[in-house]
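Peer 1: need a 3D model of the sequence below.
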Amino acid sequence: MKCCGIIAEFNPFHQGHAYIIHEARLRSRCDALAVITTSYYSQRGLPSLMSPAAKTKAALANGADLVLELPFCFGTQGAEQFARYAMEALHQLPIDALCFGSESGDPAALMQPPKRTIDPSTSYHRNQGYHLQPNDILASNYLIHCKKMHIRPIIVQRDPRFESATAIRDAFLNGTRPDETFDTNQRWEAYYPYLRTYLQMTDVQTLSRFFMVDEGIESLLKKNARAKTWEEFLERSVTKKYTKARIRRTCLWIMMQITKAQMQKHGHFDQLILLGMNETGRQLVKNHQAISRFSQLDPFLQEVDLKSRMLYNSVRPDETKRQVIIV
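Peer 2: Numbering: from 1, shown residues only. You can find the predicted model right below:
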C-alpha cells in the first residue's frame, strides 16, 4: 500500500488544507493518506479554534484516510523539533512521500543557507527568517528529514486564492468573521488570569525547572506579569531574543508544568496515536501498534494528555473529551 503523509495543524481547517490533501493524492498517487496533526495547542503556541475531534472530522471528510495526534509535548516546540517529532511518528508507517505547503515552492531556495551570519544572541526563527517566509521554515525542516528517511518530498506552492489560517484566526478573534464551528473561548486573553497569577506566585527557581524556560526568560516573564492584559504582557515580553511565538510556547509549558527532566527522558516520538480513520486507514495501521485508548498511552503521555485537555477545557463552559472518529 503506497502511503503519503501530511503534517498539519488545522488551526483552523480551511480550503488550503483541502487543496493540499487533494494535491497529495494526485501527485503521490497514493493508496492511503495519513495526516498527523497537533491536538489542543499549535506549534505557534496558540490554542486551537477547533477541537481534535472537529479537526479530524474535517480532514477525513476532505480525503484523509488516517489522522494521528502529535501530543502537546511534541507539537508545541520550535520548527526543528516539531518537524522531527512529526516525521518520527509518520515514519512508523510505510510512508513513501510527504506532501507539504510552501510559500516559494522552490526546494533549492528552501535548502539554501541563510544569507547572513547566524547571530547566536537571537532566536532560531529570526536567524532562519533572513531568507525564508515563516511557513517555509517548517518546509525546510521537512526537506531535511525527508532526505534522512528516504521519503519523497512533494512541495505544493501556496495558492493566494486561499485565505491563510492566520487571516481566518485574526478575522474570527476580531469579530469580523463569525463561525459557529470555532470555539470562541480559545483565545490567549482567557488564559492570562491563570498565567499571570501563577507567574506572580511562583519563584524563578521553580519556573526555571520547566521545559523551554531558559536563558533568564523566567525573570522576564515574572516581571512582566504585572501587566493587566495579555496584549500588554506579550508586547513587553517580546525582545530581540524572544519572538511572540516563543513567548506563547513558553507560557504554555509553564501552565502545563512539564519539567526539563521529564522531557530529557522522552526525546523521541515513535507512536501512532489515533484520532480517526476510515476503512483504508484501518488497513494501513492493522499491522502496527496503534494507540486508540487513553489507557494504552505510557504514563508520561497520559499526564500530558490529561493536563492539556484540562487546560483547554478550563476556558470552556463544557468539556471536550478524547475520542477516535471512525467513518
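Peer 1: did I read that right, Q186 in a strand?
Peer 2: No: read with DSSP: H, G, I helix; E, B strand; the rest coil, Q186 is coil and lies in no strand.
Peer 1: how about it, nearest residue that isn't a chain neighbour?
Peer 2: Nearest residue to Q186 in three dimensions, chain neighbours excluded: P47, at 3.9 Å (CB to CB, 6 or more residues apart in numbering). All C-beta atoms are positioned from the backbone trio N, CA, C, and that covers glycine.
Peer 1: tell me what L274 is bridged to.
Peer 2: Beta-bridge pairing for L274 (DSSP bridges): L68.
Peer 1: that one contacts I326, correct?
Peer 2: No: counting by CB atoms under 8 Å, L274 stays clear of I326, with 9.3 Å between them.
Peer 1: look at those two and report which has more neighbours.
Peer 2: Taking neighbours as other CB atoms under 10 Å, L274 and I326 compare with L274 leading, 21 against 13.
Peer 1: pLDDT value on that one, please?
Peer 2: For L274, the pLDDT comes out at 98.
Peer 1: ok, now which ones touch it?
Peer 2: Residues near L274 by CB atoms under 8 Å, 6 or more residues apart in numbering: 66-69, 285, 290-292, 324.
Peer 1: make it 10 Å
Peer 2: By CB atoms under 10 Å, 6 or more residues apart in numbering, L274 lies in contact with 56, 66-69, 281-282, 285, 290-293, 296, 324-326.
Peer 1: going by distance to M263, which of the residues you listed wins?
Peer 2: E69 (17.8 Å; CB to CB).
Peer 1: ok, how many other residues are close to the nearest residue to the closest one once chain neighbours are set aside?
Peer 2: Ranked by CB to CB, 6+ apart and with sequence neighbours excluded, the top spatial neighbour of E69 is I273, at 4.2 Å. I273: 21 surrounding residues under other CB under 10 Å.
Peer 1: settle this for me: I273 is touching Q302, isn't it.
Peer 2: No: counting by CB atoms under 10 Å, Q302 is not a contact partner of I273; they are 11.5 Å apart.
Peer 1: intersection of neighbour lists for the two?
Peer 2: Residues touching both I273 and Q302 (CB under 10 Å, 6+ apart) are Q296.
Peer 1: in this structure, which spans are strands?
Peer 2: Assigned by DSSP state E, the strands in the chain fall at 3-8, 32-38, 66-70, 95-102, 152-157, 272-277, 290-291, 325-326.
Peer 1: T239: which of those is closest?
Peer 2: strand 32-38 (26.0 Å).
Peer 1: pretty sure C146 sits against I95.
Peer 2: Yes: contact criterion CB under 10 Å: C146 and I95 qualify, at 9.5 Å.
Peer 1: name the residues contacting each of the two.
Peer 2: 5, 87, 152.
Peer 1: give me the nearest residue to the last one, chain neighbours excluded.
Peer 2: This means R152. Leaving aside its sequence neighbours, R152 sits nearest to A97 (CB to CB, 6+ apart; 4.2 Å).
Peer 1: verify the stated contact: the one you found with C3.
Peer 2: Yes: counting by CB under 10 Å, A97 touches C3, with 8.0 Å between them.
Peer 1: which neighbours do those two share?
Peer 2: The contact sets of A97 and C3 overlap at 28, 30, 33 (CB under 10 Å, 6+ apart).
Peer 1: if you rank those residues by neighbours, which is first?
Peer 2: Highest count within the shared contacts of A97 and C3 by other CB under 10 Å belongs to L33, 25 neighbours.
Peer 1: what residues are bridge-paired with it?
Peer 2: For L33, the beta-bridge assignment (DSSP bridges) gives partners C4.
Peer 1: how deep is E103 tucked in, by neighbour count?
Peer 2: Counted with other CB under 10 Å, residues neighbouring E103 total 16.
Peer 1: any idea of the pLDDT on it?
Peer 2: At E103, the pLDDT value in this model is 86.
Peer 1: look up how far R249 lies from it.
Peer 2: E103 is 22 Å from R249, where distance means CB to CB, to the nearest Å.
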